[in-house]
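J.: Predicted model, plus sequence, below.
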Amino acid sequence: MLTKVYGSAVFGVEASTITIEVNIDKGIGYHLVGLPDNAIRESNYRIAAALQNNGFKIPGKKITLNMAPADLRKEGSAYDLTLAIGILVASGQIKAEHLEDYVIMGELSLDGSLQPIRGALPIAIKAQEEGFKKFLLPSQNAKEAAIVKDLEVYGIDSIAQVIEHFDNDAPLERTIVDTRNEFFLALEHPEFDFSDVKGQESIKRCMEIAAAGGHNIILIGPPGAGKTMLAKRLPSILPPMTLREALETTKIHSVSGRMRENLGLMAQRPFRSPHHTISDVALVGGGAYPQPGEISLAHNGVLFLDELPEFKRTVLEVMRQPLEDREVTISRAKFTVTYPSSFMLVASMNPSPGGYFNDPSAPVSSTPAEMQRYLSKVSGPLLDRIDIHIEVTPVSFDKLSEERKAESSVEIRKRVTEARKLQTNRFTEIESINYNAQMGVKQIRQHCALDETSKTLLKNAMEKLNLSARAYDRILKVSRTIADLEASEHIQAHHITEAIQYRSLDRDGWLG
């Protein structure tokens, strides 16, 4: 008897429907074909034990299972439940009507209970697109899949529940998620808040500008100045994610298996902070079966690289292309996977190996030559993609001991959100640009026009501070963002003046 059961395979952040054909005939043997990997080939042992422990068995006949399309490589243990149900129906041990309406996925334990799977959200989206009505999957992944409208999602704890449902029409409890309600509930309570930071008003202003325009930023300062503390609070002032952004982010984390159990939609922007010993593959993604790297897990959020010069040169250089294109493409001999990677880069570093500026009173003083050599570990092309360079100095005792509460992240985020709305309206007709940091040369010339006073200011600054030519466009972009924070239609002289301050750490002149 021939039976067809439906599952799904995930490639990148998209899913493809897999038809599992089970044929039982005279003879003996178990033949699994259709390019399965080792985890799928081993499934017959898990299936046999799970069925036996639930009062069923794999029939002693010739069983042929084909995973179609046969030229598409399948991987992972999530097909256990799909294969098991196919065998039970094909062998006549259970009856199953309307099997064509279901997508079934789940990894089996030997007692028949189900383990969570990866990629539940992309699978649910594909199932809904292809007209499937119901999706059976482990209960740990049910909320994640239930985000998708017009698809009935049922969380299952064991194969026994599925057998009862098909064989005896036992009802299953549908998982229903109010996506919009869950999304908006999670927005107003950031884990880290700027009100915790004492002093550093100029740096907070910098972070606000970076958040408003989506600008990459590097913080340079001695140990204990507050660089990491400030960076961790940046996501709390970024504009709330749109539902589309939340879905994109959830898909990536779902595919990588990093979704927290029983979590539906990710409403908070991600914050990723990899250690400086990370490999280039772990950062950008890859492997024999390509998985998202840290830059993709930070999509629509923040990637924080602490102690930037300590990262391997090759690791930093592979970021250059994703920073420009906002996506990373991983190619293999037979297929290519593209992961989105639109993130804000926040980097921090000490000014020298000793950790302090050229200050005789510092615990470990460094010469200008040592500082320049240490900074040169970060390449010019990478610094070229960072819009704001800012010097962070230690907080005085008076500031630390103040009782006055600093401005909260919620208040700062209101200003940032208003500035982003202006940018969204400005770039409505350009799909690839959402905020100022993404502007190209054409948009800079169009939206960053300067009056004569501003031109003179910028010219003098570039000559006196010995700023590089690449700083020119960066200053204009940051000026545009500062103007947006003030709801100013045109860039004015004081916007240019402030933006110039944030390039004082430019490679050619930050030591003086």
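T.: Here it is on my side, so go on.
J.: where along the stretch 201-350 of the chain do the strands fall?
T.: Along the stretch 201-350 of the chain, counting by DSSP state E, counting those that start in this stretch, strands occupy 217-220, 271-272, 285-286, 291-292, 302-305, 327-331, 336-340, 344-349.
J.: Against residue 65, how distant is residue 81?
T.: For residue 81, the distance to residue 65 (C-beta to C-beta, to the nearest Å) stands at 13 Å. Just so you know, the C-beta spots here come from the backbone N, C-alpha and C atoms, and that holds for glycine as well.
J.: swap that for residue 300, please
T.: Per C-beta to C-beta, residue 300 is found 39 Å from residue 65.
J.: Which one's more surrounded, the two?
T.: residue 65 (26 against 21; other C-beta atoms under 10 Å).
J.: Give me the longest helix you can find in this protein.
T.: helix 409-426 (DSSP state H).
J.: what mean pLDDT would you report for the very next helix or strand once past that one?
T.: Later in the chain than helix 409-426, the nearest helix or strand by DSSP states H and E is helix 441-447. Per-residue pLDDT over helix 441-447 has a mean of 89.
J.: Which residues belonging to helix 441-447 are considered buried?
T.: Neighbour-count burial for helix 441-447 flags 443-444, 447 (criterion: 16 or more other C-beta atoms under 10 Å).
J.: how near is residue 111 to residue 53?
T.: Per C-beta to C-beta, residue 111 is found 5 Å from residue 53.
J.: quick one: which of those two has more around it?
T.: Neighbour totals were compared for residue 111 and residue 53, and residue 53 leads with 16 against 12 (other C-beta under 10 Å).
J.: now the helices for the stretch 51-200 of the chain?
T.: 80-90, 120-129, 142-145, 159-168, 179-185 (DSSP state H, counting those that start in this stretch).
J.: Residues contacting the second one, please?
T.: So that's helix 120-129. Helix 120-129 is contacted from outside by 8, 10, 13-17, 103, 105, 135, 137, 141, 144-151, 153, 247, 250-251, 254-255, 259, using C-beta atoms under 8 Å, 6 or more residues apart in numbering.
J.: rewinding a little: any chance of the strands of the stretch 201-350 of the chain in CSV, with mean pLDDT, mean neighbour count and distance to residue 26 too?
T.: Shown next, in CSV, are these (pLDDT from 0 to 100; neighbours: other C-beta atoms under 10 Å; distance: least, C-beta to C-beta, whole Å):
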stretch, mean pLDDT, mean neighbour count, distance to residue 26
strand 217-220, 92, 24, 70
strand 271-272, 94, 20, 56
strand 285-286, 88, 23, 46
strand 291-292, 90, 23, 43
strand 302-305, 96, 24, 59
strand 327-331, 88, 17, 46
strand 336-340, 89, 19, 42
strand 344-349, 94, 24, 63
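J.: Switch those strands over to TSV; also include distance to residue 234.
T.: Shown next, in TSV, are these (distance: least, C-beta to C-beta, whole Å):
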stretch	distance to residue 234
strand 217-220	8
strand 271-272	8
strand 285-286	23
strand 291-292	21
strand 302-305	5
strand 327-331	22
strand 336-340	20
strand 344-349	6
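J.: Buried residues, the longest helix of the chain. List them.
T.: Quick answer for helix 409-426 (16+ other C-beta under 10 Å): 409-410, 412-413, 415-416, 419-420, 422-423, 426.
J.: Counting by contacts, list what that helix packs against.
T.: Packing partners of helix 409-426 (3 or more C-beta pairs under 8 Å, 6 or more residues apart in numbering; DSSP states H and E): helix 201-213, helix 471-485.
J.: most tightly surrounded among those helices?
T.: Among those, helix 471-485 has the highest mean neighbour count (mean count of other C-beta atoms under 10 Å), at a mean of 24.
J.: could you give the mean pLDDT of that one?
T.: Regarding helix 471-485, the rounded mean pLDDT is 92.
J.: Alpha carbons only: can I get that helix in CSV?
T.: C-alpha atoms of helix 471-485 as CSV (Å, rounded to 0.1, in the frame of the first residue of the first chain):
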residue,chain,number,x,y,z
ALA,A,471,34.9,61.2,6.3
TYR,A,472,33.0,63.7,4.1
ASP,A,473,30.0,61.6,3.3
ARG,A,474,29.9,60.2,6.8
ILE,A,475,29.7,63.8,8.3
LEU,A,476,26.8,64.6,5.9
LYS,A,477,24.9,61.5,6.8
VAL,A,478,25.3,62.2,10.5
SER,A,479,24.4,65.8,10.0
ARG,A,480,21.2,64.8,8.3
THR,A,481,20.3,62.6,11.3
ILE,A,482,21.0,65.4,13.8
ALA,A,483,18.7,67.7,11.7
ASP,A,484,16.0,65.0,11.7
LEU,A,485,16.2,64.8,15.5
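J.: Just want the angle from that helix to helix 409-426.
T.: Relative orientation of helix 471-485 versus helix 409-426 (axes from the mean of the first three to the mean of the last three C-alpha atoms, to 10 degrees): 110 degrees.
J.: relative to helix 201-213, how tilted is the helix or strand following helix 471-485?
T.: Using DSSP H and E, the helix or strand that follows helix 471-485 towards the C-terminus is helix 493-501. Counting by the same axes, to 10 degrees, helix 493-501 points 100 degrees away from the direction of helix 201-213.
J.: can you give me the offset of helix 493-501 from its chain's centre?
T.: Distance, stretch centre to chain centre, for helix 493-501: 33 Å (C-alpha atoms, centre = their mean, to the nearest Å).
J.: and if you look at stretch 273-282?
T.: How far stretch 273-282 lies from its chain's middle: 15 Å, per C-alpha atoms, centre = their mean.
J.: Convert stretch 391-400 to CSV, retaining C-alpha atoms only.
T.: Extracted in CSV, the C-alpha atoms of stretch 391-400 (Å, rounded to 0.1, in the frame of the first residue of the first chain):
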residue,chain,number,x,y,z
GLU,A,391,36.2,59.2,22.7
VAL,A,392,34.8,57.9,26.0
THR,A,393,36.4,59.4,29.1
PRO,A,394,36.0,58.1,32.7
VAL,A,395,33.1,59.4,34.9
SER,A,396,34.1,61.7,37.8
PHE,A,397,33.2,60.8,41.4
ASP,A,398,30.7,63.7,41.6
LYS,A,399,28.7,62.3,38.7
LEU,A,400,28.9,58.8,40.0
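J.: The longest strand along the chain: partners in the sheet, and parallel or antiparallel?
T.: Assignment by DSSP state E gives strand 14-25 as the longest strand of the chain. Here strand 14-25 has these sheet partners by DSSP bridges: strand 2-11 (antiparallel), strand 62-68 (antiparallel).
J.: Looking at those strands, which is nearest to residue 280?
T.: strand 2-11 (21.8 Å; C-beta to C-beta).
J.: which residue is nearest the middle of this protein?
T.: residue 297 (2.8 Å; C-alpha atoms, centre = their mean).
J.: Beta-bridge partners for residue 217, please?
T.: Beta-bridge partners for residue 217, by DSSP bridges, are residue 346, residue 388.
J.: Wait, it touches residue 208, no?
T.: No: the pair residue 217 / residue 208 is not scored as a contact, 10.9 Å apart, by C-beta atoms under 8 Å.
J.: re earlier: now the helices and strands packed on helix 409-426 in JSON lines, with distance to residue 465?
T.: Formatted as JSON lines, the helices and strands packed on helix 409-426 follow (distance: least, C-beta to C-beta, whole Å):
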{"stretch": "helix 201-213", "distance to residue 465": "17"}
{"stretch": "helix 471-485", "distance to residue 465": "9"}
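J.: mind checking which of these is nearest residue 402?
T.: Per C-beta to C-beta, nearest to residue 402 of the helices and strands packed on helix 409-426: helix 201-213, 11.7 Å.
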